[in-house]
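Visitor: What would the 3D arrangement of this be:
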Amino acid sequence: MRIGELAAQAGMTKDTIRFYEKVGLVTGRRLANGYRDFAPETVAWLHYVRTAQTLGFSLAEIARHGEELRDAPDAAQALSALFEEKIQVIDARMAELAALRADLDARVGTGCPLRAADQVG
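Guide: As a prediction, the model looks like this:
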């Protein structure tokens, strides 16, 4: 299918698909007339990419894990493992943000925001 039809079925722009092609997320073959031709299963893959992005995965992560998932004997189990890893990353980031918030909170009202409240004096 040509890029316009793919864009319509996937609910995204042709520019987005071209970008995904540039970074290696999708591949299309070139026809003799220069048009791109994509396999029908590319629509499902693009829906997967969008869903994975919504769940917090970067395009680099999606590209890296996409091949693993296509080759996995049990894609559901492989996805669950990826989700568990992502949850650990999110939990670590949340802890970092909580510590940052506490540090900022300790500096509010100190007269010198570059010093924590316990350093004033």
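
Visitor: Identify the residue spatially nearest to Thr13, adjacent ones excluded.
Guide: Closest residue to Thr13 in three dimensions, ignoring its sequence neighbours and counting by CB to CB, 6 or more residues apart in numbering: Ala7, at 5.9 Å. All C-beta spots, glycine's among them, are computed from the backbone N, C-alpha and C.

Visitor: burial measure for the one you found, as a count.
Guide: 20 (other CB atoms under 10 Å).

Visitor: Could you number the chain from 342 rather than 1 from now on?
Guide: Shifting the count to begin at 342 puts that one at Ala348.

Visitor: which is the next helix or strand following the helix or strand where Thr392 lies?
Guide: Assessed by DSSP states H and E, Thr392 sits inside helix 383-395. Note on helix 383-395: by DSSP H and E, the next helix or strand toward the C-terminus is helix 400-412.

Visitor: what comes up buried for the helix or strand following that next one?
Guide: Once the chain leaves helix 400-412, the next helix or strand it forms, by DSSP H and E, is helix 416-448. Within helix 416-448, the residues that qualify as buried are 419, 423, 448, counting by 16 or more other CB atoms under 10 Å.

Visitor: Now those residues in JSON lines, please, with extra columns for distance to Ala380 and pLDDT.
Guide: JSON lines is the format used below for these (distance: CB to CB, whole Å; pLDDT from 0 to 100):
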{"residue": "Ala419", "distance to Ala380": "22", "pLDDT": "83"}
{"residue": "Leu423", "distance to Ala380": "24", "pLDDT": "89"}
{"residue": "Arg448", "distance to Ala380": "56", "pLDDT": "85"}
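
Visitor: Quick one: those as a markdown table, columns for distance to His406 too.
Guide: Formatted as a markdown table, the buried residues of helix 416-448 follow (distance: CB to CB, whole Å):
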| residue | distance to His406 |
| --- | --- |
| Ala419 | 8 |
| Leu423 | 6 |
| Arg448 | 40 |
